[in-house]
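S.K.: next one to model:
(one chain, ligands or ions: 2)
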Amino acid sequence: MRVPGVLGGDQKAATMRVLRVWDFPTRIMHWLLVGAIGFCWYTGETGDLEYHHYSGYVALWVVLMRVWWGFVGSSTAKFANFVRGPQTVFKYVRTLHLRNTPATLGHNALGAISVLALLAAVAGVGVTGLFAVDMDVLYSGPLSMYVDFKEGRWFARWHSTLFDVLLIVIALHLLAVSFYYAYKRQNLVASMITGKRKAPEVSGSELEVAPVWRLLVGAAIVSGIIYVIDTGFFY
Ligand code: HEM
Ligand code: HEM
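M.R.: Numbers count the residues shown, from 1 in each chain. Ligands and ions are numbered 1, 2, ... in the order given. Below is the predicted model:
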């Protein structure tokens, strides 16, 4: 059966070869986000809020950069190339139990949902953090001056609740990656590290890498946004 968004219709006839799947920026952003969330978790729980703010900014920076890259980045990073409608997702879900489905060049239809859920959850935690009022008010978020104490504590509670939601989404993410490894024999983690994946040769399936200047323009804009947020819009 031909699954949309999946490499190759006639898999057996195709020659296996190593294909580039993820460009360098997408991989760096992923592992930077993992590090930032880990650090946010640690500093959030230990109350080391000065460093917590910095790691929170890094997480927000990555999310904004990833959104930018989702519009102007390399082919497998572009939302338009992997976000699919419910019908395609459903069709893909029905093939999940098949052990030998071919590897996707980028995200599969179901993986796309987890990408969006992960980015949305991190954004939700990050934005509520910006308005959160810390109990002793020393290290409240940079935009907490726009809300009163009660509202700021409301944001802090949502910050904590959305973090729990994020942990659940991350757990599902790791379960999915493990499922592909154990059941489907596809090592997605290795691809996220090396950027490469073994797949059948199919014309037109090469990764199209976006020019670096687009990344630099995005980095400049996003860094500017984070800087302005950090000042609390005060100059
Ligand atoms: C996006 C990544 C972030 C994660 C994963 C994260 C996670 C956490 C966690 C786990 C806590 C402890 C919550 C609790 O005690 O129940 C916390 C507290 C806090 N975070 Fe974040 N945070 C993030 C971003 C931010 C940002 C960007 C800011 C502001 C610049 C921020 C400001 C705060 C503040 C002020 C608290 C203390 C709230 C209180 O005292 O109740 N966080 N965060
Ligand atoms: C803080 C925890 C994590 C977050 C927030 C997170 C988030 C994400 C996001 C947003 C993507 C989409 C990549 C893109 O298109 O830019 C992704 C993909 C991926 N992540 Fe994570 N991730 C986390 C932890 C991990 C860990 C610990 C692993 C490895 C054990 C991992 C393995 C992967 C793999 C293999 C993919 C590619 C999936 C595919 O081939 O479709 N992630 N992750």
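
S.K.: confirm for me that V93 is in contact with L110.
M.R.: Yes: contact criterion C-beta atoms under 8 Å: V93 and L110 qualify, at 6.2 Å. Backbone N, C-alpha and C define where each C-beta goes, glycine included.

S.K.: who in this protein is up against ligand 1?
M.R.: With the criterion set to C-beta under 6 Å from any ligand atom, the chain comes near ligand 1 through 37, 40-41, 44-45, 49, 52-53, 56-57, 59-60, 122, 125-126, 129-130, 132, 134-135, 139-142, 156, 159-160, 163.

S.K.: select only the buried ones of these in ChimeraX?
M.R.: Entered in ChimeraX, the line below selects the buried ones among those, by 16 or more other C-beta atoms under 10 Å:
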select :37,40,44,49,52,53,56,57,59,60,122,125,126,129,130,132,134,139,140,141,142,156,159,163
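
S.K.: which of the residues of the chain next to ligand 1 fall in helices?
M.R.: Those of the residues of the chain next to ligand 1 mapping onto helices are 37, 40-41, 44-45, 49, 52-53, 56-57, 59-60, 122, 125-126, 129-130, 156, 159-160, 163, per DSSP state H.

S.K.: restrict those residues to contacts with ligand 2.
M.R.: Applying C-beta under 6 Å from any ligand atom, the subset of these adjacent to ligand 2 comprises I37, V122.

S.K.: for the protein, just list every one of the strands.
M.R.: Under the criterion DSSP state E, the chain contains strands at 16-20, 196-200.

S.K.: could you check the angle the helix-or-strand element of the chain with minimal mean pLDDT makes with strand 16-20?
M.R.: Lowest by mean pLDDT, DSSP states H and E among the helices and strands of the chain is strand 196-200, with a mean of 81. Per axes from the mean of the first three to the mean of the last three C-alpha atoms, to 10 degrees, the angle that strand 196-200 makes with strand 16-20 is 140 degrees.

S.K.: where in this protein is pLDDT low?
M.R.: 1-14, 200-205, 235 (pLDDT under 70).

S.K.: quick check: residues of it near ligand 2?
M.R.: 26, 29-30, 33-34, 37, 66, 77, 107, 111, 115, 118-119, 122, 170, 173-174, 177, 188-189, 191-192.
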